[in-house]
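*Asks:* just coords:
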């Protein structure tokens, strides 16, 4: 996240190149249920045993034009990297799956079975034989490089953005006029950067005011700089992309209605790499004609009181919230920077028992993901949701961006640190959705005050980042009103589809008075 303007940071980039680029060299293997049983006499071959494993699990990334630095589509390429593959898989550096086993069950789990690891080891030890080419499976077919297939709507930046070699990070807001066909809803969004080296993260939001469009035309160039997202963050996994992110459609029964006359806002966080770079992003939008049968609410857990002394190996951060209603937890999205070491999300129930929803004890900034539960986890009313993180600011941390550890405070630059978890929940009783939205709105306003105090103390740089996509000041009357209208819009759309009881509740929300807190 940082603009690297000092020799220290420039030197740290060199160190970072080793840490960051030596990891993605390795391929991602996703555990599958299939396993080849070999007789004592025959050994594994590439064509019969290894190629199917790679095709099913690795070549989504390890092919031309994707994030992996080399292809694994041919025997020649696989043999060239075979020993490295065997070593990395055995040491469990790859596949890139961070959660500790037994604490949460998530879609797309990437864990190799021990027999699959042993199969790769045996093949390498046998000299990596190719085998009979007649046993080679059909090569995979990919549709235009999109993970979710061809989108219904595609937007590409009209011209590349030129990023200088050095200087501060750039937060660029781009306005995309978007109109959906009648009866269509958004079910998924896929963001594709053209230059993954410099895109720290991307955020998608909606602007119903037209203010972004006005600012975008002010200088005749596409986009405008602004630290805060120039709109309201899209719900759930529709609104976030970070390194290692794989697009996930909204769960069955969920879709997002798009208000007429609303602009899509794409915010790019670009970090200088030490040489001039360019970025020309593309966004794909996937539609459905199935109206939503429910709605999701994002609960933010975030610690803003970060001030890590140099050399501190286990600096702890924490935040919690008590949920006023019964909810189902659909997914969790954790976010820290390069000093992040561990993150744990725990549900503490009213009866005193606990359940760990997610635990990552070897955080990797380059493999941040959204973890969607295989089956939503139900939490009763008055459950306390707790985030606990550990940060390592010692010289022994290979991910530390400073070769000589420095004091690190909260902020949106890579050399700053953050501790955030977004919990995506669904109210079991739909009529209690407004209760959760009100709770989050109040917490959001308080977080804005905390950020303002942090800047006053000189404890952070200005701006908003992934975990703090809230106002850096207490919310203005206009922004509070805008967020209120956004929440009301979701309930209105839901009510228009789903019955009189919800319609009556939505009418009560429309007529209610909203308390506006101002600085």
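*Replies:* Ah, there it is. Because the structure is a prediction, the values reported are computed rather than measured.
*Asks:* Let me see the ranges of the strands in the stretch 101-250 of the chain.
*Replies:* Per DSSP state E, counting those that start in this stretch, the stretch 101-250 of the chain carries strands over the ranges 153-156, 161-163, 170-177, 185-192, 199-207, 224-225, 232-233, 240-241.
*Asks:* Dump these to JSON lines, plus mean pLDDT, distance to residue 54 and mean neighbour count.
*Replies:* Just so you know, the C-beta spots here come from the backbone N, C-alpha and C atoms, and that holds for glycine as well. Output for those, formatted as JSON lines (pLDDT from 0 to 100; distance: least, CB to CB, whole Å; neighbours: other CB atoms under 10 Å):
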{"stretch": "strand 153-156", "mean pLDDT": "95", "distance to residue 54": "29", "mean neighbour count": "15"}
{"stretch": "strand 161-163", "mean pLDDT": "93", "distance to residue 54": "34", "mean neighbour count": "18"}
{"stretch": "strand 170-177", "mean pLDDT": "91", "distance to residue 54": "37", "mean neighbour count": "20"}
{"stretch": "strand 185-192", "mean pLDDT": "95", "distance to residue 54": "23", "mean neighbour count": "22"}
{"stretch": "strand 199-207", "mean pLDDT": "89", "distance to residue 54": "27", "mean neighbour count": "23"}
{"stretch": "strand 224-225", "mean pLDDT": "88", "distance to residue 54": "43", "mean neighbour count": "14"}
{"stretch": "strand 232-233", "mean pLDDT": "78", "distance to residue 54": "37", "mean neighbour count": "22"}
{"stretch": "strand 240-241", "mean pLDDT": "86", "distance to residue 54": "26", "mean neighbour count": "24"}
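*Asks:* Any idea which of those gets closest to residue 368?
*Replies:* With CB to CB, the closest approach to residue 368 among those belongs to strand 199-207: 8.4 Å.
*Asks:* Identify the residue spatially nearest to residue 314, adjacent ones excluded.
*Replies:* Distance criterion CB to CB, 6 or more residues apart in numbering; nearest residue to residue 314, sequence neighbours excluded, is residue 390 at 5.3 Å.
*Asks:* Look up how far residue 355 lies from the one you found.
*Replies:* Residue 390 sits 20 Å away from residue 355, going by CB to CB, to the nearest Å.
*Asks:* Please say which of those two ends up with more neighbours.
*Replies:* Applying other CB atoms under 10 Å to residue 390 and residue 355 shows that residue 390 carries more neighbours, namely 19 against 14.
*Asks:* My guess is that one contacts residue 316. True?
*Replies:* Yes: with contacts counted by CB atoms under 8 Å, residue 390 reaches residue 316, the gap being 5.8 Å.
*Asks:* what residue ranges in the stretch 151-300 of the chain score low on pLDDT?
*Replies:* Judged by pLDDT under 70, the stretch 151-300 of the chain has its weakly predicted residues at 227-228, 236, 244.
*Asks:* again, only using 90
*Replies:* For the stretch 151-300 of the chain, the stretches flagged by pLDDT under 90 are 158, 167-171, 195-201, 203, 209-254, 269-274, 292-298.
*Asks:* ranges for the helices of it?
*Replies:* 211-216 (DSSP state H, counting those that start in this stretch).
*Asks:* contacting residues for residue 138?
*Replies:* Residue 138 makes no contacts at all, as judged by CB atoms under 8 Å, 6 or more residues apart in numbering.
*Asks:* Distance-wise, check it relative to residue 107.
*Replies:* For residue 138 relative to residue 107 (CB to CB), the value is 26 Å.
*Asks:* What of residue 349?
*Replies:* 24 Å.
*Asks:* ends of stretch 76-87, how far apart?
*Replies:* Across stretch 76-87, the terminal residues are separated by 18 Å (CA to CA, to the nearest Å).
*Asks:* repeat for stretch 180-191
*Replies:* End-to-end distance for stretch 180-191, by CA to CA: 18 Å.
*Asks:* roughly how far is that stretch from the heart of the chain?
*Replies:* Averaging C-alpha positions (CA atoms, centre = their mean, to the nearest Å) puts stretch 180-191 20 Å from its chain's average.
*Asks:* hmm, who's touching that stretch?
*Replies:* Contacts of stretch 180-191 (CB under 8 Å, 6+ apart): 146-148, 151-152, 202, 204, 234, 238-239, 241, 245, 247-250, 254-258, 266, 281-292.
*Asks:* Pull out the buried residues from those residues.
*Replies:* Taking 16 or more other CB atoms under 10 Å as the criterion, what is buried in those is 146-148, 151-152, 202, 204, 234, 238-239, 241, 245, 247-250, 254-258, 266, 281-288, 291-292.
*Asks:* Residue 47 against residue 123, yeah?
*Replies:* No: taking contacts as CB under 8 Å, residue 47 lies outside contact range of residue 123: 11.1 Å.
*Asks:* who has more neighbours, those two?
*Replies:* A count of neighbours by other CB under 10 Å puts residue 123 above the other of residue 47 and residue 123, at 23 against 18.
*Asks:* residues in contact with that one?
*Replies:* 43, 44, 45, 46, 49, 50, 82, 86, 129.
*Asks:* In helices only, show me those.
*Replies:* 82, 86 (DSSP state H).
*Asks:* Ranking by neighbours, what's the top pick from the contacts of residue 123?
*Replies:* Within these, neighbour counts (other CB under 10 Å) peak at residue 50, which reaches 26 neighbours.
*Asks:* contacting residues for residue 132?
*Replies:* Residue 132 is in contact with 45, 47, 48, counting by CB under 8 Å, 6+ apart.
*Asks:* Need the phi and psi values for it.
*Replies:* In terms of degrees, to the nearest 10, the main-chain angles of residue 132 are phi -80, psi 120.
*Asks:* Let's see the pLDDT reported for it.
*Replies:* You'll see residue 132 listed with a pLDDT of 94.
*Asks:* Give me the distance between it and residue 75.
*Replies:* In terms of CB to CB, residue 132 sits 12 Å off from residue 75.
*Asks:* tell me, what's touching the two both at once?
*Replies:* Any residue near both residue 132 and residue 75 by CB under 8 Å, 6+ apart counts here, and that gives residue 47.
*Asks:* Now do the buried residues in the top helix by length along the chain.
*Replies:* If you go by DSSP H, the chain has its longest helix at helix 433-456. Neighbour-count burial for helix 433-456 flags 433-434, 436-441, 443-445, 447-451, 454-455 (criterion: 16+ other CB under 10 Å).
*Asks:* try stretch 203-222
*Replies:* Going by neighbour count (16+ other CB under 10 Å), the buried part of stretch 203-222 is 203, 204, 205, 206, 207, 208, 209, 212, 215, 216.
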